[in-house]
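Colleague: A predicted structure for the sequence below; I have some questions about it.
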Amino acid sequence: MPAYAVIGAQWGDEGKGKIIDFLAENAAVIARYSGGNNAGHTVINDAGTFKLHLVPSGICWPHVMNVIGNGVVVDPDVLLKEISENKLDPSRLAVSDRAHLIMPYHVALDRLEEQRRGSSAIGTTGRGVGPAYVDKVSRLGLRVGELLDPEDLSLRLPDIVAFKNEIITKIYGGEPIELDSVFELTMRWATELAAFIRPVEDLIAEVLESDGNVIIEGAQGALLDLDHGTYPYVTSSNPTVGGSLTGLGMGPNSYGGVAGVYKAYCTRVGAGPFPTEIEGELGDRIREMAGEFGVTTGRARRIGWFDGVAGRYAARVNGFDGMIITRLDTLDGWEEIKVCVAYEIDGVRTDQFPVDAVMLSRAKPVYETIPGWTESTRAITRASQLNSGAKAYIERLEDLVGVQAKIISTGPRREETLVLTDLIPK
């Protein structure tokens, strides 16, 4: 069987965790390929509520192997906490030996840099993810597999820690990191994580060769992509489909489909341009109604109407052949709903998404008003239960994005899902 990618199509927080948990019934492997514990996925099913940051969202299915790929940066303490909380063992979770480690000095540098930026801060989560990716590119990074070679690690760490302390103390005026405590930490990580560390490329290839389904779980969203997002207000990795190839060691011919997850409206966390943002009482109403607060940080998410321009751009960059719409039930009971169909930038109308953040900040949304509906869509699971207003809204989003809607999430629980077309063969 081929692999299927499920990717966030907006600024993250689209509800990917719930969708992955739903789809995992028919998967052998759920594989995460980018980001770190700056991501947060919520899964709600009969077993309870699970808030995940590093562990993939397939953990509630006993037959599923969950994989953390080489493109992820791993904070071992966060990972070990999730392993313990979810009672995972190496038969259920594999961590790539090529994934990079988030070290204590990365966390310190992340927070110090945000403090330095002040009012112009990017709005990072302060988890050390960005600095860990910087070290990966500058060849100063430490990989998960290196935990298994303490002798070599003891030779590398002193120079790295000394270099980082120069930056921490002389540039930021922060407190230095103690080398001995860092080395002791790595020894504990090595002991507790050793059984989970393996070359996951081989594992995934073997599953695909034996006709098992592999579902690729995206983190963050396409509009936060380091190359294709609203730079510099982006994450430090590539949440788009290209990142899944390098982040898991897969070839493009492995894929059978790529689906984009779109919230029925838009949200964004942190700084950066957000053309359809709804400020004031209306935005507050949606935020409170839908519980739009970050899983990782608890920060209130910014709220906006569905952005068809951005949505179409995300579909094009990723090559989506299916759309998954979440939070449809949040729009129940609205008299009218706005959808952005174009932008006006400096007096000129355009349907092109400008990735340049300065130009995007000048974009004024051109709205189309769509009649709302009074009937509830909450928890419906059959197409025949879909009222005409909600159906028309879905069809309009399909037109704007240029991709067929295949799954509609009608509530936070696994079973509150409407399948219009099978995304993955059973």
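Modeller: Done, it's in.
Colleague: tell me which element residue 156 falls in.
Modeller: helix 150-166 (DSSP states H and E).
Colleague: got a list of contacts for the helix or strand just after that helix?
Modeller: Next along the chain after helix 150-166, taking DSSP H and E as the criterion, comes helix 179-193. Residues outside helix 179-193 that contact it (C-beta atoms under 8 Å, 6 or more residues apart in numbering): 76-77, 79-80, 95, 101, 103-105, 144, 147-148, 150, 153-154, 157-158, 161-162. C-beta: built from backbone N, CA, C; applies to glycine.
Colleague: buried among the residues you listed? Make that a ChimeraX selection.
Modeller: Remark: buried members of the contacts of helix 179-193, expressed as a ChimeraX selection using 16 or more other C-beta atoms under 10 Å:
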select :76,79,80,95,101,103,104,105,144,147,153,157,161
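Colleague: tell me the SS of residue 239?
Modeller: At residue 239 the chain is in coil, as set by DSSP: H, G, I helix; E, B strand; the rest coil.
Colleague: without its sequence neighbours, what residue ends up closest to it?
Modeller: Distance criterion C-beta to C-beta, 6 or more residues apart in numbering; nearest residue to residue 239, sequence neighbours excluded, is residue 220 at 4.4 Å.
Colleague: please apply the same query to residue 93.
Modeller: residue 66 (4.9 Å).
Colleague: secondary structure of residue 227: a strand, I assume?
Modeller: No. Under three-state DSSP, residue 227 sits outside any strand and is assigned coil.
Colleague: how about it, what does it touch?
Modeller: Counted by C-beta under 8 Å, 6+ apart, residue 227 has contacts 238, 240.
Colleague: what are the phi and psi angles of it?
Modeller: phi -100, psi -40 (degrees, to the nearest 10).
Colleague: tell me how far residue 143 lies from residue 107.
Modeller: For residue 143, the distance to residue 107 equals 18 Å [C-beta to C-beta, to the nearest Å].
Colleague: an error on my part: the question was meant for residue 19.
Modeller: In this view, residue 19 and residue 107 are 30 Å apart by C-beta to C-beta.
Colleague: those two: which is more packed in?
Modeller: Neighbours per residue, other C-beta atoms under 10 Å: of residue 19 and residue 107, the larger number sits with residue 19, 25 against 18.
Colleague: where's the more buried one, which helix or strand?
Modeller: helix 16-23.
Colleague: chain center to that helix, what's the gap?
Modeller: 12 Å (C-alpha atoms, centre = their mean, to the nearest Å).
Colleague: elements contacting it?
Modeller: Helix 16-23 sits against strand 3-8, strand 41-45, strand 214-217, strand 322-326, strand 405-409, with contacts defined as 3 or more C-beta pairs under 8 Å, 6 or more residues apart in numbering; DSSP states H and E.
Colleague: worst mean pLDDT among those strands?
Modeller: Ranked by mean pLDDT, the helices and strands packed on helix 16-23 bottom out at strand 41-45, with a mean of 85.
Colleague: next secondary structure after that one?
Modeller: Strand 41-45 is succeeded, C-terminally, by strand 48-52 (DSSP H and E).
Colleague: show me what that following strand pairs with in its sheet, parallel or antiparallel.
Modeller: Strand pairing for strand 48-52, using DSSP bridges, gives strand 41-45 (antiparallel).
Colleague: wait, what's in contact with the residue nearest the centre of the chain?
Modeller: Note on the chain: the residue nearest the mean C-alpha position is residue 219, at 1.8 Å, using C-alpha atoms, centre = their mean. Residue 219 sits next to 8, 12, 16, 32-35, 39, 41, 72, 237, 239 when contact means C-beta under 8 Å, 6+ apart.
Colleague: okay, it: pLDDT?
Modeller: 90.
Colleague: re the thing from before, what angle sits between the helix holding residue 156 and helix 179-193?
Modeller: 130 degrees (axes from the mean of the first three to the mean of the last three C-alpha atoms, to 10 degrees).
Colleague: what domains does the record give for this structure?
Modeller: 3-75+200-419, 100-195 (automatic domain parsing).
Colleague: before we move on, back to that, host element of the residue nearest to residue 93?
Modeller: Assessed by DSSP H and E, residue 66 sits inside strand 65-68.
Colleague: now residue 168. Nearest residue, chain neighbours left out?
Modeller: Setting aside the residues directly before and after it, residue 168 is nearest to residue 174 in space (C-beta to C-beta, 6+ apart), at 4.4 Å.
Colleague: neighbours of the one you found, how many?
Modeller: Residue 174: 17 neighbours (other C-beta under 10 Å).
Colleague: distance of it from residue 180?
Modeller: From residue 174 to residue 180 the distance is 18 Å (C-beta to C-beta).
Colleague: then residue 137?
Modeller: Taking C-beta to C-beta, one finds residue 137 at 28 Å from residue 180.
Colleague: kindly report the same for residue 415.
Modeller: 51 Å.
Colleague: looking at the two, which is more packed in?
Modeller: Using other C-beta under 10 Å, the more surrounded residue of residue 415 and residue 180 is residue 415, with 12 against 9.
Colleague: and what about the more buried one, helix, strand or coil?
Modeller: Secondary structure state of residue 415, per three-state DSSP, is coil.
Colleague: who are the contact partners of it?
Modeller: Neighbouring residues of residue 415 by C-beta under 8 Å, 6+ apart: 45, 379, 381.
Colleague: likewise residue 95?
Modeller: 67-68, 74, 79, 144, 193, 196-198, 200.
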